[in-house]
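**Student:** could you work out the structure for the sequence below:
(chains A, B, C and D)
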Number of protein chains: 2
Amino acid sequence: MSGEAQRTRAPSIRDVARLAGVSHQTVSRVLNHHPSIRPETKQRVLDVMAELQYKPNRAARALVTSRSRIIGILSASSTQYGPASSIAAIETAARASGYWISTANLESTDAASIADALAHLAAQSIEGLVVIAPQVRVLETLAKMSIDVPFVTLQSTGDEPVRTLSVDQIAGARLATRHLIELGHRNIYHLAGPQDWIEAEARMRGFLDEMSAQDVPTTAPILGDWTADFGYYAGRELLTVRDFTAIFASNDQMALGLMHAVRDAGLDVPGDVSIIGFDDVPEAAHFWPPLTTVRQDFAELGRRCVALLLGDIDPAVVEHHSTIVPELIVRGSTGRPSF
Amino acid sequence: MSGEAQRTRAPSIRDVARLAGVSHQTVSRVLNHHPSIRPETKQRVLDVMAELQYKPNRAARALVTSRSRIIGILSASSTQYGPASSIAAIETAARASGYWISTANLESTDAASIADALAHLAAQSIEGLVVIAPQVRVLETLAKMSIDVPFVTLQSTGDEPVRTLSVDQIAGARLATRHLIELGHRNIYHLAGPQDWIEAEARMRGFLDEMSAQDVPTTAPILGDWTADFGYYAGRELLTVRDFTAIFASNDQMALGLMHAVRDAGLDVPGDVSIIGFDDVPEAAHFWPPLTTVRQDFAELGRRCVALLLGDIDPAVVEHHSTIVPELIVRGSTGRPSF
DNA sequence: TTTCGGCATGTTCACGGTCACACACGCCGC
DNA sequence: GCGGCGTGTGTGACCGTGAACATGCCGAAA
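**Tutor:** As a prediction, this is how the structure comes out:
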């Protein structure tokens, strides 16, 4: 078992075939679980494979079958909790189904950057694409580029012509808004995400829908950028007026920044201002005060996403288009308004 | 130009060659920037490529060159801010150098799970491996498995025989500890990360080193699990005794949980207890109070990591083994002790 | 008995690139 | 005038696998 450092060619099916006394095609049949193989022949081949530590050459297989078994992920903001959780779940699910994941991160959302990332993925002949770059512009560019593989976009408003799978953002936003209204709030602001993010828009729509459904007058949402920093500065601005008793922030980070600003102004959360977030990041329970928010199951999203995609690639698998229902998590940052 | 839905074979170099009136080898030479090609021949080939929308077949190239140009990432906890940031940076850097990234997430740290993830990566004939699974056990298992490609581990104590690249965790921990001591604290606890995490160990060592260097008596560190939840419960336990004025938490999440527990006990941060974290997640500035912490440049880590790996794969590139120096960020969670 | 069909296996070729080698041509030096 | 060399290009083999087709054998049906 010496294994002289002499870098030698990896064993191929022909090497296996020779040692097992069969043709290379028989070895190939064993690899592909062909039914018509005598059990003892199969075993002999398997033994030789083990002995030689044979590993199939993926490039050769991809070449001859013209199937890469790679699923590409196009993602923006992959460092954030939500997308990162989904990506991890996608990888796990894909691996379990014998697929590989290749990711490309978007550096910006201009067309060139998208085209570059997509070209990088296309160069690997991906068989499916998951888009976790929920900016409207990305989807538009994507539509123009006529992707030639099945693809799924995570997060959407639900009425685009593309295949999407999503947590029902509108329902989640209505949940949050209703919670504030039921507590007695009537002057509620909405700190939204960036205008071109699909989720931001959906949450905004959910907010507006619920407000009007409950006959509560609304003010125009403020457009933020998802960061805690923005939440902080927006909060400082808002507090110069103070014509509200509650704010629904479109994500937990901005809610955190808002709470920071409220405290800086010498006010209390939820005594003077109630604040509710969205996402339920793992830290939200330990913010001060613990943040009331809407929980999304990012991992489940990732799993379903793979199931959907594999269903497209290989019609044997089927999956119904369901959205995931978000859940309201009530903690300490919301309460009845003080008048 | 019609493009009947009729799914037809993608153009190959032979198709390009025929239309350009050259041999397939000439096309190959154009692709590989061979010097001896007449400019007009080259242009003709390039024109035909553009017209046909020719894309090289990666599998075919990989098969004949036996080079995959894939870098694998073995990662645990990829949903956390630090690892996620490094992964994104690695992907960007690798793409710029013409490499692809393939990730495998560890579901647990047992040997079977590691072997499974590694097999998944090995099956793609990765040319390099980045390990962002900074548990000691992972490294040990890795060492046993005799990886046959160059690999780099992010985060380490610096004295393993493996190639590593890291932020100098010990220096960072000493920075944090010295800050507390300089403020006048003498009774300082350390809430460490899980015992088998390399970074946790390094930060603990930095803490102990600095404490003894400054002749401050130490108590045994508490072993946590990185989560805010753990920080919270550990804090509640600790506060039943209250024989300390400061705590150095091994990451920002645990620091957050600690601050939560301190407030729950009716005490003030930093009035009664000073708390310092590690990592500087983007939200840390908006915690209450804003968290004093140690900043790590995860993205730079990712970039250098790729440079190092590519240097191994292709010796033309060189990179020196430098560690990245972390930086103390003083905010509101630390102050002088009250007696 | 002959024919036929299915099983187990082998033979040959194709996939789309790169590599080693061959070759034609023009230029240089002796 | 001829050999050698560098430039630009072509020919054929080869990488490891899977698909199509061929083959030999055996048992069941005609």
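**Student:** could you list the low-pLDDT ranges of chain A?
**Tutor:** A:1-7, A:146, A:155-167, A:313-322, A:339 (pLDDT under 70).
**Student:** just the helices from it, written as ranges.
**Tutor:** Ranges of helices in chain A, per DSSP state H, are A:13-20, A:24-31, A:39-52, A:58-65, A:81-96, A:111-122, A:136-144, A:169-182, A:198-213, A:228-239, A:252-264, A:298-313.
**Student:** quick check: whichever residue of the stretch 51-200 of chain A sits closest to DNA strand C vs DNA strand D, distance?
**Tutor:** At 3.6 Å from DNA strand C, A:Val64 is the closest residue in the stretch 51-200 of chain A, using Cβ to the nearest atom of the strand. All C-beta atoms are positioned from the backbone trio N, CA, C, and that covers glycine. Applying Cβ to the nearest atom of the strand, to the nearest Å, the value for A:Val64 to DNA strand D is 3 Å.
**Student:** tell me the contacts of the residue nearest to A:Arg67 when sequence neighbours are not counted?
**Tutor:** Spatial nearest neighbour of A:Arg67, chain neighbours left out: A:Glu127 (6.5 Å); criterion: Cβ to Cβ, 6 or more residues apart in numbering or on different chains. The neighbours of A:Glu127, taking Cβ atoms under 8 Å, 6 or more residues apart in numbering or on different chains as the test, are A:67-71, A:99, A:149-150, A:313.
**Student:** which one (most neighbours) among those residues?
**Tutor:** A:Ile71 (30 neighbours; other Cβ atoms under 10 Å in any protein chain shown).
**Student:** is it true that that one touches A:Gly98?
**Tutor:** No - here A:Ile71 does not reach A:Gly98: they are 10.8 Å apart, not a contact under Cβ atoms under 8 Å.
**Student:** winner for burial among the helices of chain A?
**Tutor:** helix A:252-264 (a mean of 26; mean count of other Cβ atoms under 10 Å in any protein chain shown).
**Student:** from the chain's centroid, how far away is that helix?
**Tutor:** Taking the mean of its C-alpha atoms, helix A:252-264 sits 25 Å from the chain's own mean (Cα atoms, centre = their mean, to the nearest Å).
**Student:** quick one: A:Pro290 and A:Asp280 touch, right?
**Tutor:** No - using Cβ under 8 Å, A:Pro290 makes no contact with A:Asp280, being 11.0 Å away.
**Student:** more crowded one of the two?
**Tutor:** A:Asp280 (24 against 17).
**Student:** quick one: contacts for that one?
**Tutor:** A:252, A:293-296, A:329.
**Student:** give me the phi and psi for it.
**Tutor:** The phi and psi values for A:Asp280, taken as degrees, to the nearest 10, are phi 60, psi 70.
**Student:** how about it: what's its closest non-neighbour residue?
**Tutor:** A:Arg295 is the one closest to A:Asp280 (Cβ to Cβ, 6+ apart), at 3.8 Å.
**Student:** again, but for A:Arg174
**Tutor:** A:Arg174 sits nearest to A:Glu210 (Cβ to Cβ, 6+ apart), 4.1 Å away.
**Student:** now for the one you found: which residues touch it?
**Tutor:** A:Glu210 sits next to A:173-174, A:177-178, A:181 when contact means Cβ under 8 Å, 6+ apart.
**Student:** flag every residue of the stretch 1-150 of chain A that's near DNA strand C.
**Tutor:** A:21-26, A:29, A:34-38, A:41-42, A:60, A:63-64, A:66 (Cβ under 7 Å from any atom of the strand).
**Student:** ok, the closest residue to A:His120 other than its chain neighbours to B:Tyr99 distance?
**Tutor:** Spatial nearest neighbour of A:His120, chain neighbours left out: A:Ala104 (5.1 Å); criterion: Cβ to Cβ, 6+ apart. According to Cβ to Cβ, to the nearest Å, A:Ala104 stands 12 Å off from B:Tyr99.
**Student:** how many residues are close by A:Pro11?
**Tutor:** There are 18 residues near A:Pro11, going by other Cβ under 10 Å.
**Student:** repeat for A:Ile276
**Tutor:** Counted with other Cβ under 10 Å, A:Ile276 comes out at 30.
**Student:** what bridges to it?
**Tutor:** A:Phe248, A:Thr292 (DSSP bridges).
**Student:** A:Pro270 contacts A:Ser333, correct?
**Tutor:** Yes - contact criterion Cβ under 8 Å: A:Pro270 and A:Ser333 qualify, at 5.6 Å.
**Student:** quick one on the thing from earlier: chain B: which of the contacts of A:Glu127 is nearest?
**Tutor:** The closest of the contacts of A:Glu127 to chain B turns out to be A:Ser68 (Cβ to the nearest Cβ; 6.9 Å).
**Student:** which non-adjacent residue is nearest that closest one?
**Tutor:** The nearest residue in space to A:Ser68 (Cβ to Cβ, 6+ apart) is A:Ser125, at 4.5 Å.
**Student:** any idea how far that neighbour lies from B:Thr334?
**Tutor:** In terms of Cβ to Cβ, A:Ser125 sits 54 Å off from B:Thr334.
**Student:** what's the answer for A:Gly335, then?
**Tutor:** In this view, A:Gly335 and B:Thr334 are 31 Å apart by Cβ to Cβ.
**Student:** these two: which is more packed in?
**Tutor:** The neighbour comparison of A:Gly335 against B:Thr334 (other Cβ under 10 Å) goes to B:Thr334, with 24 against 20.
**Student:** quick check: the gap between that one and B:Arg263.
**Tutor:** Computed as Cβ to Cβ, the B:Thr334 to B:Arg263 distance reads 16 Å.
**Student:** what does A:Ile70 give?
**Tutor:** Taken as Cβ to Cβ, the span from A:Ile70 to B:Arg263 is 49 Å.
**Student:** same check on A:Arg69?
**Tutor:** 51 Å.
**Student:** same deal with A:Val136?
**Tutor:** Distance from A:Val136 to B:Arg263, by Cβ to Cβ: 41 Å.
**Student:** what does A:Ile132 give?
**Tutor:** For A:Ile132, the distance to B:Arg263 - Cβ to Cβ - is 36 Å.
**Student:** how long is stretch A:60-73 end to end?
**Tutor:** This stretch, stretch A:60-73, spans 24 Å end to end (Cα to Cα, to the nearest Å).
**Student:** tell me how far that stretch is from the chain's mean position?
**Tutor:** Distance, centroid of stretch A:60-73 to centroid of chain: 23 Å (Cα atoms, centre = their mean).
**Student:** go on, stretch A:16-28?
**Tutor:** The answer for stretch A:16-28 is 44 Å, by Cα atoms, centre = their mean.
**Student:** contacts for that stretch, please.
**Tutor:** Counting by Cβ under 8 Å, 6+ apart, A:12-14, A:37, A:41, A:44-45, A:47-49, A:51-52, A:54 sit against stretch A:16-28.
**Student:** cool, stretch A:222-238 as well?
**Tutor:** A:77, A:80, A:189-195, A:197, A:200, A:244, A:247, A:249-251, A:253-262, A:264-265, B:282-283, B:285-286.
**Student:** can you give me the domain boundaries for chain A?
**Tutor:** For chain A, automatic domain parsing gives the domain ranges A:13-56, A:68-167+A:298-326, A:169-297.
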